[in-house]
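Peer 1: Quick one: sequence plus predicted model below, questions after.
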Amino acid sequence: MSTHPLQHALVKLAPILEKLEQWFWPEEHQIDTTKLIIYTCKPLPGNLKSSELKQWTDLQVKTQSPFISGGAYHYVSRHALHMWFAPTPLDGIPETARQSALPDGWHSVQGRQACYKQHWQRGVLMTCEVTTNSETAVPINLEGSSWAVSRKIDKAVKTPGNWLLFCALLVACTGLWYVSAAVTIHIQQQMAEQQAQTVTEQMGERVSQLDQLKNNQSLMSQLSSWTNEYSSFPETFAALAKSMNMQGSWKMNQVNWQNKTLTMEFIAEQVDIAQLVADLEANPAFIEVNIRPFVAGEGWIVEAKVGE
């Protein structure tokens with residue numbers, strides 16, 4: 001297994017790895033922000049084996065410290081050894097080692113208690129000096145990825161067996177997350193369908209009641225206005241009979257009521273047809289009046305049509 005793909009994967013998974021590191025080794029990620037610390041770095045000598053590099057690193061930490069019984073912290077990057085020294089034992093990782101890397105160049109950074117003038121190059125802190133507080137200093141970032149903290153989990157996943165185990169664990173966690181999400185969505189969908197069905201049933205009852213109310217209102221409206229829509233036979237017949245009674249006695253043979261038109265056959269011995277027509281046409285209830293004989297003598301047919 002080549003180191004390039006593995007290193008690339010570790011960079012991509014840095015946020016997850018740091019969370020796992022804090023869960024498994026929380027005591028090793030405390031940050032010391034109270035002590036004034038001296039920082040220095042030295043280039044790594046070439047052609048050193050891993051065991052020789054560790055011996056050289058331990059020797060540098062012992063010989064470079066200006067304090068007899070002080071505290072020290074170190075980090076080995078790809079090209080240099082980075083060391084932090086304090087006059088008393090450290091209470092955690094120095095804040096300038098725990099901070100996130102800054103872009104190349106000089107920066108003024110405000111720590112929790114001290115202000116630092118830093119020079120960065122390719123994500124590595126080259127120099128760090130304690131200075132007076134500056135109004136242009138940016139607050140130190142201790143929430144992002146650390147530039148100089150060795151994660152134990154990195155060493156664990158670099159072995160082939162542990163790397164495969166880690167990948168399997170990651171896949172299992174991802175699968176569990178998807179299954180949990182699918183189950184949650186399914187439960188929410190069922191709950192939504194049940195709520196929709198309940199609302200539909202409740203709304204169905206209300207819609208039925210509203211339909212019944214509208215039907216009843218429509219029937220009442222038709223009942224109150226049927227005389228205006230279709231006219232009334234009794235009222236029309238009464239108006240016609242009133243005008244005929246003024247002409248004397250008469251006898252009705254048959255009567256027909258259709259399409260707002262009253263047709264009646266009657267017999268009268270003495271009737272002034274012209275006056276009867278005039279009386280009926282003068283009645284505002286009639287819009288059209290016709291009278292014609294149906295047999296020789298005294299038989300007549302009168303047709304009176306009413307309006308809207």
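Peer 2: It's in. Residues are numbered from 1 along each chain as shown.

Peer 1: any idea of the mean pLDDT for stretch 286-293?
Peer 2: The pLDDT scores in stretch 286-293 average 89.

Peer 1: Which positions in it come out as buried?
Peer 2: F286, V289, I291 (16 or more other C-beta atoms under 10 Å). From N, CA and C alone the C-beta is placed, and that goes for glycine too.

Peer 1: And that stretch, how far out from the chain middle?
Peer 2: Counting by C-alpha atoms, centre = their mean, to the nearest Å, stretch 286-293 is centred 75 Å from the centre of its parent chain.

Peer 1: So what touches that stretch?
Peer 2: The contact list for stretch 286-293 (C-beta atoms under 8 Å, 6 or more residues apart in numbering) reads 239, 273, 276-277, 280-281, 299-307.

Peer 1: Tell me the one of these nearest Q110?
Peer 2: Q110 has its nearest neighbour among those in G307, at 97.3 Å by C-beta to C-beta.

Peer 1: ok, the closest one touching A285?
Peer 2: Yes. In this structure, G307 is within contact of A285 by C-beta atoms under 8 Å, at 7.5 Å.

Peer 1: And this protein, what are its domain boundaries?
Peer 2: 29-150, 233-306 (automatic domain parsing).

Peer 1: And these, which one averages the lowest pLDDT?
Peer 2: For the domains of the chain, mean pLDDT drops lowest on domain 233-306, to a mean of 86.

Peer 1: Among the buried residues of stretch 286-293, which ones are in strands?
Peer 2: With strands taken from DSSP state E, the overlap with the buried residues of stretch 286-293 comprises F286, V289, I291.

Peer 1: can you list those residues in CSV and add distance to Y39?
Peer 2: As requested, those are exported to CSV (distance: C-beta to C-beta, whole Å):
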residue, distance to Y39
F286, 117
V289, 122
I291, 128
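
Peer 1: Which parts of the protein are helices?
Peer 2: Assigned by DSSP state H, the chain shows helices spanning 3-12, 14-24, 50-64, 95-98, 152-157, 160-230, 233-245, 273-282.

Peer 1: before we move on, back to that, more neighbours, G307 and A285?
Peer 2: A285 (16 against 10; other C-beta atoms under 10 Å).

Peer 1: distance of that one from N253?
Peer 2: 23 Å (C-beta to C-beta, to the nearest Å).

Peer 1: just A172 next, same as before
Peer 2: 104 Å.

Peer 1: For the two, indicate the residue with more neighbours.
Peer 2: More crowded of A172 and N253, by other C-beta under 10 Å: N253, with 13 against 10.

Peer 1: doesn't A268 make contact with that one?
Peer 2: No. If you go by C-beta under 8 Å, N253 and A268 don't touch, sitting 11.2 Å apart.

Peer 1: For N245, grab the count of nearby residues.
Peer 2: 10.

Peer 1: same thing with W84?
Peer 2: 26.

Peer 1: got the contact list for it?
Peer 2: If a contact means C-beta under 8 Å, 6+ apart, then W84 has I37, I38, Y39, A72, Y73, H74, L90, P94, T96, A97 as its contacts.

Peer 1: Beta-bridge partners for the second one, please?
Peer 2: Partner residues in beta bridges with I38, using DSSP bridges, are F85.

Peer 1: So it sits against F85, correct?
Peer 2: Yes. Assessed by C-beta under 8 Å, I38 is found in contact with F85 at 4.7 Å.

Peer 1: So between these two, which is more surrounded?
Peer 2: Taking other C-beta under 10 Å, I38 and F85 do not tie; F85 has more neighbours (21 against 18).

Peer 1: Now do the same contact list for that one.
Peer 2: I37, I38, T40, Q64, S65, P66, F67, G70, G71, A72.

Peer 1: Next: A137.
Peer 2: By C-beta under 8 Å, 6+ apart, A137 lies in contact with S108, V109, Q110, C115.

Peer 1: For the buried ones among those, write the corresponding PyMOL selection.
Peer 2: In PyMOL, this line selects whichever of those come out buried by 16+ other C-beta under 10 Å:
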select buried, resi 109+110+115
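
Peer 1: can you list the contacts of A137 in CSV and add distance to L59?
Peer 2: Listed next are these as CSV, based on distance: C-beta to C-beta, whole Å:
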residue, distance to L59
S108, 34
V109, 30
Q110, 34
C115, 32
